[in-house]
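Trainee: Sharing a model prediction with you, sequence too.
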Amino acid sequence: MSRSVRHTTLGAFLQDTLHAPRFTICALLLCALSGSLTATSAPAATWGENYIPNVPLVTQDGQTVRLYDDLIKNKIVLINFMYAGCKQVCPLATARMAQVQKELGDHVGRDIFLYSITLDPEHDTPAVLKQHAKAFHAGPGWLFLTGTAEDIAVVRYKLGERSKSLSDHNNGAMAGNGATGEWERTSLFEDTGKLALVMLNMDPAFRAKKGSQPGTAYAEMTAIPYVSQAGQALFIKACSSCHTIGQGDHVGPDLQGVTSRRDRAWLSQFLQAPNVMRAKKDPIAVALSAKFPGVLMPNLGLSETDVGDLLAYLDNRTARLETRETLNVKR
């Protein structure tokens, strides 16, 4: 069975380098900032009931479902692989799924469905996945799934996730239409608005209205405009999936005024190596883990310069928000 799939240049770059220690997050951003979001489209793979395994899986609510019959048949789906104990890129990838859920709005659970399948069924029980789903604000239409090790192995192999270890697994996603049999690989680190459009484009009726064809979901998309302020692109790509600035706690804490609440030297240490701070039982790091138990901030490989740019951007955004709030009070 041919597995011809497509992805953007940025998506491929991110998937290939996020696990490589020699790359920092800023290296990843060079591709985004260069505007190289040009698509290279190819015919989508065609997978039907003879290819998709109809194995039983269990949802975060303990319900047993069949992969093909209950989850994929006649549905448009986005599937990623993750595991709750991951301390590297999984939390970011799952947070991107949460952003896609928000972008798609009420399409999720109605005509588009999101599935996050664990690669560690031994530890990721329905109860563990339920806590994980809660941490990422998963709504109706987004299921976290586990099963037996044997069935998970079959599913991951069929959907192209064939890494030899948990820490090396692919952080891409598969978008598919169970009615037409069309499937394509995409990147969760693509702009989430564009990824939402990819999902809508899986529907032939939507394509007919737009006059597009399978395999051209990215073709007419343009690069994301970024303001040139140091730290902004870094925040958008690395932080905004889990954090807001002035809009309240999300997967992680609201970062408005964080440089006033926390010692700057502590912030620099934590942002560069949160895993080390937790291992040392730093009281603030431990308290944050307790307050946001569903996901731990991964080590993103940020340099001291990266952190300086990020904190400068947070300072700037906080100052602008405080100025706006002052003006509103005077009015």
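Mentor: Cool, the structure landed. Numbering: from 1, shown residues only.
Trainee: Helices of this structure, start to end?
Mentor: Listed in chain order, the helices found in the chain under DSSP state H are 9-17, 25-33, 90-104, 126-135, 149-158, 192-201, 204-210, 232-234, 258-261, 264-272, 274-279, 283-291, 304-330.
Trainee: now these in TSV, with distance to residue 244 and mean neighbour count?
Mentor: No exception for glycine: its C-beta is placed from N, CA and C like everyone else's. Converted to TSV, the helices of the chain look like this (distance: least, C-beta to C-beta, whole Å; neighbours: other C-beta atoms under 10 Å):
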stretch	distance to residue 244	mean neighbour count
helix 9-17	22	19
helix 25-33	19	17
helix 90-104	11	23
helix 126-135	15	19
helix 149-158	33	16
helix 192-201	14	21
helix 204-210	30	12
helix 232-234	14	20
helix 258-261	11	13
helix 264-272	17	16
helix 274-279	19	16
helix 283-291	15	13
helix 304-330	10	14
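Trainee: Would you mind saying which of these lies nearest residue 74?
Mentor: Proximity to residue 74 (C-beta to C-beta) singles out helix 204-210 among the helices of the chain, at 12.7 Å.
Trainee: export that closest one as PDB, just CAs?
Mentor: Below are the C-alpha coordinates for helix 204-210, written out as PDB (Å, rounded to 0.1, in the frame of the first residue of the first chain):
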ATOM      1  CA  PRO A 204     -15.000  17.400  -0.600                       C
ATOM      2  CA  ALA A 205     -18.000  19.800  -0.100                       C
ATOM      3  CA  PHE A 206     -15.700  22.400   1.400                       C
ATOM      4  CA  ARG A 207     -13.200  21.900  -1.400                       C
ATOM      5  CA  ALA A 208     -16.000  22.300  -4.000                       C
ATOM      6  CA  LYS A 209     -16.900  25.700  -2.600                       C
ATOM      7  CA  LYS A 210     -13.300  26.800  -2.600                       C
END
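Trainee: which helices and strands does that helix pack with?
Mentor: The contact analysis (3 or more C-beta pairs under 8 Å, 6 or more residues apart in numbering; DSSP states H and E) places helix 204-210 against helix 192-201.
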